[in-house]
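Enquirer: Sequence and predicted structure, then a few things I'm wondering about:
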Amino acid sequence: QVQLVESGGGRVQAGGSLRLSCAASVPTVRNYVMGWFRQAPGKERDFVAAISWGDGSTYYADSVKGRFTISRDNSKNTVHLQMNSLKPEDTAVYYCAARQGWRVTAQSRYEYDYWGQGTQVTVSS
């Protein structure tokens, strides 16, 4: 059974930074890709970034490229999302997700099998 627990959300002013974390409980973590998605009120759940546990390869949505960094801590089975230069349009509930396999370019929420409960990120102007 895969369990994902997010932490680190909050409120920040535009231009600020936040770091989200996702603690993953998976049987064989190296066979998984971990992703971050976000969902603003009334909108679809959109892909943000993904990382492969196996080789560390990463992939980003164009909207966050150069501002967000996804990383993994193998010793703690934890994935982080460092968010810099935050904008009001980054405001959303952020979800951690997991899927078996190696392909980090999967961007559809339907390609991910497991989800965390979500954490709110609010960026004020």
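Expert: On my side now, so go ahead.
Enquirer: Need the pLDDT of V29.
Expert: The confidence metric pLDDT takes the value 65 at V29.
Enquirer: no, scratch that, I was asking about Y59
Expert: Here, the pLDDT recorded for Y59 equals 98.
Enquirer: contacting residues for it?
Expert: Neighbouring residues of Y59 by Cβ atoms under 8 Å, 6 or more residues apart in numbering: 49-51, 104-105. C-beta: built from backbone N, CA, C; applies to glycine.
Enquirer: Let's see that with 7 Å instead.
Expert: For Y59, the contacting residues are 49-50, 104-105, taking Cβ atoms under 7 Å, 6 or more residues apart in numbering as the criterion.
Enquirer: And for N31?
Expert: The neighbours of N31, taking Cβ under 7 Å, 6+ apart as the test, are Q100.
Enquirer: Regarding stretch 9-23, how distant is the last residue from the first?
Expert: Terminal residues of stretch 9-23 are spaced 14 Å apart (Cα to Cα, to the nearest Å).
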